[in-house]
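**Q** give me a 3D structure for the following:
(one chain, ligands or ions: 1)
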Amino acid sequence: MVADVVSAVAGSNATVTTLMGPGIDPHLYQATRDDLKKLAAADIIFQTGLDLEGRMAKVLRQFGTTKPVIEITADIPRDQLLVEADSKDHPDPHVWMDPTLWSSTADTVAVAMTKLHPDRISEYQVNASRYKANGKLMADYARMVSQSIPRDRRILITSHDAFGYLGRSLDIQVRGIQGLSTESEAGLKDINTLVDLVVKKNIPAVFIESTVPSRSVKAIVEGAAARGHTVVIGGELYSDAMGPEGTYEGTYQGMLDHNITTITRALGGSVPNGGFRQFKAESMAGSDGQSTR
Ligand SMILES: [Zn+2]
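**A** Numbering: from 1, shown residues only. So this is what the prediction gives:
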């Protein structure tokens, strides 16, 4: 997700190398020897920040003494970040789930790139503006689509708390079985609490994530079944990594589009044919799309 915004802003003259690929959990990721070589060879290093890359912190701090290491979320106003009551100093780092906030990091990338290549300032600024415009369009789309989800089904249950920002964008309540990081395992108590919620609120679907083992989500399905309630796995969401390289879901836009479609349909809403790509084409042509299941 970081490479997506950096590539978009830096343009074709930059070579962007990604350390964490599809299916990789950034909370737990540690730099390999190969990564250290890549970091040593880089002119500039970008990371999400907000303690997401927790086990990379020391390595990145060391590289920060010899070259720019940029936390792309650094300029987001603190009052726009999600902060849980019991973790005051640790805002939710999963900012890419809010397309408006995430695309605003394009400005931070543009400023950092301009320091490296002052003569390219206008190119970086134009690229950042385009990236932000697309982010805003995605936010409009998310808001539109989510209105089709019935009021009483607006609860999203996933493996860990990666979807707070998406929940805010879609106006859906979000409950992760594990917390903001995947470092701690879910306990039986957490599972039972969510089984209670699923049964009580008659929730139709829960979701697995591409970067987190699915056993805790399956435990909820089984726990609900034992109490006579059928809840299905609504699909696999991309939380902390994008989909396979070379696919639409392997892009930032495709990842969010996939998540919005999967959540909306599983919770009983409807998504326009063609998803965000069609919406984008139509909003550029200035016409309305047709809505269908
Ligand atoms: Zn996460």
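
**Q** can you list phi and psi of the residue nearest to M1 when sequence neighbours are not counted for me?
**A** Spatial nearest neighbour of M1, excluding adjacent residues (Cβ to Cβ, 6 or more residues apart in numbering): W96 at 4.3 Å. For the C-beta atoms, the positions are set from N, CA and C on the backbone; glycine is no exception. Per-residue torsions, W96: phi -60, psi -20 (degrees, to the nearest 10).

**Q** by contact count, what packs against the longest helix seen in the chain?
**A** Longest helix of the chain, by residue count under DSSP state H: helix 121-146. Packing contacts for helix 121-146, counted by 3 or more Cβ pairs under 8 Å, 6 or more residues apart in numbering; DSSP states H and E, involve helix 2-10, helix 99-116, helix 164-170, helix 252-266, helix 275-285.

**Q** what's the closest of those to D92?
**A** Proximity to D92 (Cβ to Cβ) singles out helix 164-170 among the helices and strands packed on helix 121-146, at 4.9 Å.

**Q** the helix or strand that the closest one is followed by packs against which elements?
**A** Downstream of helix 164-170, the next assigned helix or strand under DSSP states H and E is strand 173-176. The elements that strand 173-176 packs onto, with contact taken as 3+ Cβ pairs under 8 Å, 6+ apart, are strand 155-158, helix 164-170.

**Q** now with 6 Å?
**A** Packing contacts for strand 173-176, counted by 3 or more Cβ pairs under 6 Å, 6 or more residues apart in numbering; DSSP states H and E, involve strand 155-158.

**Q** got the CA coordinates for the strand it packs on in CSV?
**A** C-alpha atoms of strand 155-158 as CSV (Å, rounded to 0.1, in the frame of the first residue of the first chain):
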residue,chain,number,x,y,z
ILE,A,155,-21.5,-5.1,12.0
LEU,A,156,-18.2,-6.3,10.6
ILE,A,157,-16.4,-9.1,12.5
THR,A,158,-12.9,-9.9,11.4
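
**Q** now do the buried residues in that strand.
**A** I155, L156, I157, T158 (16 or more other Cβ atoms under 10 Å).

**Q** please report how far the last one lies from I233.
**A** For T158, the distance to I233 (Cβ to Cβ, to the nearest Å) stands at 11 Å.

**Q** likewise for the third one?
**A** Separation of I157 from I233 (Cβ to Cβ): 11 Å.

**Q** so L19 sits against D35, correct?
**A** Yes - using Cβ atoms under 6 Å as the test, L19 is close enough to D35 to be in contact (5.0 Å).

**Q** and these two? Which one has more around it.
**A** Taking neighbours as other Cβ atoms under 10 Å, L19 and D35 compare with L19 leading, 19 against 16.

**Q** what about that one, which SS state?
**A** For L19, the assignment made with DSSP: H, G, I helix; E, B strand; the rest coil gives coil.
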